[in-house]
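Chemist: With the input below, show me the fold.
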Amino acid sequence: MCAAFTPYEKETHLPGYIEDRWIKKKKDPVTGKRERTARYGKGKRYKVAGIPGVRDRSFDTLEDAKAWLRRSATDEERGEFVDPRDGSITLADYIALHWAPGRGGAPKTQQNQERRARLHIIPHLGEVPLRNITAAELRTYIAKLEATVSSVDYRRGILSELSSILEAAVDDKRLARNPMHAKSVRWPKAPKERREAWRLETALRVRDVINSRNRIAVVLGLGCGLRQGEVFGLSPEDIDYARGVLHVRRQVQSIDGKQYFALPKGGKTRAVDMPPSVAEELKHHVEQCPPLEVELPWEKPGPDRPTKKFSLLLTTRFGNAAGAHTWNTYTWKPALAEAGIIPPRAKGAKPWQWEAAPRDGFHVLRHTYASVMLEAGESVVTLAQWLGHSSPAITLGYYAHFMPDAGSKGRTAIDGLLGRQGDGHAGRNSPDSPQG
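Modeler: Okay, the predicted model is just below:
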């Protein structure tokens with residue numbers, strides 16, 4: 001038996017119609033009245049149907065059905081329609097079923113994304129349906145983060161991850177808009193990206209106390225600004241002694257202790273100036289510690305991944321590629337302690353239990369290199385290329401405080417220019433000079 005259709009669809013030009021599921025569409029030929037259907041009194045009475053790309057939906061009252069039809073048809077025409085039932089999936093299920101499988105980026109990036117979602121997003125918002133993640137819910141969530149996560153940078157990373165997930169839900173037509181963009185949802189302010197360097201004497205002290213096999217790592221970090229993974233991935237084939245250039249073509253990375261080769265950060269290779277002193281250190285290192293060939297997976301770890309072989313300048317005593325965690329624990333931090341930068345390991349402490357601040361990681365050599373270059377007057381544009389930054393603006397934002405004389409040359413030039421012209425204009429513009 002056919003249910004009745006309301007005249008609403010005839011009164012508008014909107015697609016779709018409203019069906020009365022309690023009353024038959026056709027009138028009884030004898031009585032001239034519409035009879036009740038078998039569904040009479042059961043469930044919601046009015047069903048909106050017939051909107052292209054939109055699933056049917058039922059309502060208790062005709063007014064609600066009309067409002068839904070009008071609103072959804074208009075949104076569909078503008079390409080903004082979102083069926084609320086698509087937003088009924090919980091955030092945790094959406095992440096597991098729809099976001100994580102299509103997540104791209106470098107393995108390290110994916111690992112960080114997974115960790116932020118697993119540790120900081122799902123425990124707080126995982127059971128909340130997407131459509132219920134409102135600005136109010138997010139304000140409460142941000143307050144919880146402030147109480148539990150001390151690092152502003154890390155909190156911003158978590159919120160950025162959440163925003164990316166919700167943006168994907170918008171693209172998937174599960175949300176009409178990203179609630180992270182609401183004006184009342186205020187992210188913690190980003191700290192200034194100021195980098196701190198060592199005094200050159202400090203860096204040289206570490207270079208001289210570290211064991212001879214690993215001295216070259218300090219030389220490359222301090223003398224060429226290489227990142228730690230780039231030092232570990234450097235091959236003799238990357239050294240151009242004739243032109244005084246190092247080619248940074250790969251790095252050694254690890255995930256869960258599994259090493260692999262990858263392109264440098266940002267997927268970009270680059271050429272770096274190699275001072276003669278660094279070239280001499282490299283020649284001496286190659287003589288004392290001949291490079292060894294190492295085979296590792298390319299781009300991602302795993303037994304089924306394609307592998308590549310490279311002769312590496314810096315390897316372990318066992319002929320393996322250096323790993324950041326082990327190298328930092330057993331080589332770098334002992335050298336810092338011997339150089340008096342961090343305290344010696346406490347008596348009875350485990351080998352990895354050092355009192356070392358993050359600012360004293362290997363990366364500080366890169367900051368020190370940048371400070372020396374800028375204080376010597378090197379171009380920010382050139383330094384950005386050597387460091388592998390995507391823009392000189394990034395370099396300037398990180399290291400502008402290493403340029404104490406910035407602006408002095410321009411100021412001198414302007415003073416000279418206006419001073420010369422000022423002599424010529426002084427008499428003409430003097431209050432005592434004749435006018436006209």
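
Chemist: contacts, neighbours, all on C-alpha from now
Modeler: OK.

Chemist: thought I23 was touching G41?
Modeler: No - under the criterion of C-alpha atoms under 8 Å, I23 makes no contact with G41, lying 10.0 Å away.

Chemist: Same drill for the two, tell me which one is more crowded.
Modeler: I23 (22 against 11; other C-alpha atoms under 10 Å).

Chemist: is it true that the more buried one lies in a strand?
Modeler: Yes - according to DSSP: H, G, I helix; E, B strand; the rest coil, the state of I23 is that of a strand.

Chemist: quick one: the residue nearest to K33 when sequence neighbours are not counted from K47, how far?
Modeler: With sequence-adjacent residues excluded and distances taken as C-alpha to C-alpha, 6 or more residues apart in numbering, K33 is closest to K27, at 4.9 Å. Going from K27 to K47 by C-alpha to C-alpha, to the nearest Å gives 20 Å.

Chemist: Same drill for those two, tell me which one is more crowded.
Modeler: Using other C-alpha under 10 Å, the more surrounded residue of K27 and K47 is K47, with 22 against 13.

Chemist: Three-state assignment for the more buried one, please.
Modeler: Per three-state DSSP, K47 ends up strand.

Chemist: Can you read off the backbone torsions of the closest residue to it other than its chain neighbours?
Modeler: Closest residue to K47 apart from its sequence neighbours, by C-alpha to C-alpha, 6+ apart: S58 at 4.1 Å. With angles defined as degrees, to the nearest 10, S58 sits at phi -110, psi 150.

Chemist: I'd say S58 and K44 touch.
Modeler: Yes - S58 sits in contact with K44 when judged by C-alpha under 8 Å, with a separation of 5.9 Å.

Chemist: More neighbours: which of these two?
Modeler: For S58 and K44, the more surrounded residue by other C-alpha under 10 Å is S58, and the numbers stand at 20 against 16.

Chemist: Report the contact partners of that one.
Modeler: Counting by C-alpha atoms under 8 Å, 6 or more residues apart in numbering, S58 makes contact with 44-48, 65.

Chemist: How about K300?
Modeler: Here K300 is in contact with 107, 260-262 (criterion: C-alpha under 8 Å, 6+ apart).

Chemist: Wait, a strand at E295?
Modeler: Yes - counting by three-state DSSP, one finds E295 located in a strand.

Chemist: Neighbours of it, how many?
Modeler: A total of 16 residues lie near E295 under the criterion other C-alpha under 10 Å.

Chemist: Quick check: which element contains the spatially closest residue to it that is not a sequence neighbour?
Modeler: Distances taken as C-alpha to C-alpha, 6+ apart place K309 nearest to E295, at 4.2 Å, with adjacent residues excluded. Using DSSP states H and E, K309 sits in strand 307-312.

Chemist: follow-up on the earlier one: ok, now how distant is the residue nearest to K47 from Y40?
Modeler: Per C-alpha to C-alpha, S58 is found 14 Å from Y40.

Chemist: now swap in P351 and tell me
Modeler: 77 Å.

Chemist: what's across from the residue nearest to K33 in the sheet?
Modeler: R34 (DSSP bridges).

Chemist: Show the model's pLDDT score for it.
Modeler: For K27, the model assigns a pLDDT of 82.
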